[in-house]
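In: predicted model and sequence follow; I will ask about them next.
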Amino acid sequence: MTTTLEYEKLKSELNAGELSVIANEILELLSQAPNGLSRRELVCKVFGGKPISHLGNDTRDRKIRKGIESLRDRGIPIVSTSRKAGYRLETDPERIAEMLDEMRSRIAHLEREVQAIQRFSTSVAKPASRGENAC
């Protein structure tokens, strides 16, 4: 897989210890915001300055998402749902269960897509029968 120079730079910065600093800052900010914060708000608060208009193209946003991922990997219950944009530090077992249900639903959807692609791939990979012209 080819990667862009910008992505390689981002990975290098995160691997150099920046990820733990960002993750800790996110955790601190979310612990002070019971209603949660959007990705845009997190970019502003962690890095200062307004994010670019298309958030997906802002490397700072990518760092925020990596920080969230890092915290979740450590077992910190950061909730996000498709109903409301943003992230929230959650301790309510019912809301955590809702997030887990939504994640399981996404997994099930992805599994169906994987199976469909595997079926297609298997059918395409079958060798031509003897009677067929290879040309």
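Out: Done, it's in. Residues are numbered from 1 along each chain as shown.

In: mind pulling up the pLDDT for Pro77?
Out: Predicted confidence (pLDDT) for Pro77: 89.

In: without its sequence neighbours, what residue ends up closest to it?
Out: The shortest distance from Pro77 to any residue other than its chain neighbours is 4.9 Å, reached at Glu90 (CB to CB, 6 or more residues apart in numbering). To be clear about C-beta, it is placed using only N, CA and C from the backbone, and glycine gets the same treatment.

In: that neighbour contacts Arg72, correct?
Out: No: using CB atoms under 8 Å, Glu90 makes no contact with Arg72, being 11.3 Å away.

In: looking at the two, which is more packed in?
Out: Higher neighbour count among Glu90 and Arg72: Glu90, with 19 against 16, using other CB atoms under 10 Å.

In: low pLDDT regions in the protein?
Out: Within the chain, the segments meeting pLDDT under 70 span 1-16, 51, 81-84, 125-135.

In: who does the longest helix along it touch, helix- and strand-wise?
Out: Among the elements of the chain assigned as helix by DSSP state H, the one spanning the most residues is helix 93-125. Where contact means 3 or more CB pairs under 8 Å, 6 or more residues apart in numbering; DSSP states H and E, helix 93-125 is packed against strand 78-79.

In: next helix or strand past the strand it packs on?
Out: Of the helices and strands lying after strand 78-79 in sequence (DSSP states H and E), the nearest is strand 88-89.

In: so what strands line up beside that following strand?
Out: Sheet pairing of strand 88-89 (DSSP bridges) gives strand 78-79 (antiparallel).

In: who's in contact with the partner strand?
Out: Around strand 78-79, the neighbours that count as contacts under CB atoms under 8 Å, 6 or more residues apart in numbering are 30, 36, 68, 71-72, 87-90, 95-96, 98-99.

In: apply 10 Å and report the result again.
Out: With contacts defined as CB atoms under 10 Å, 6 or more residues apart in numbering, strand 78-79 is touched by 26-27, 30, 36, 67-69, 71-72, 86-92, 95-96, 98-100, 102.
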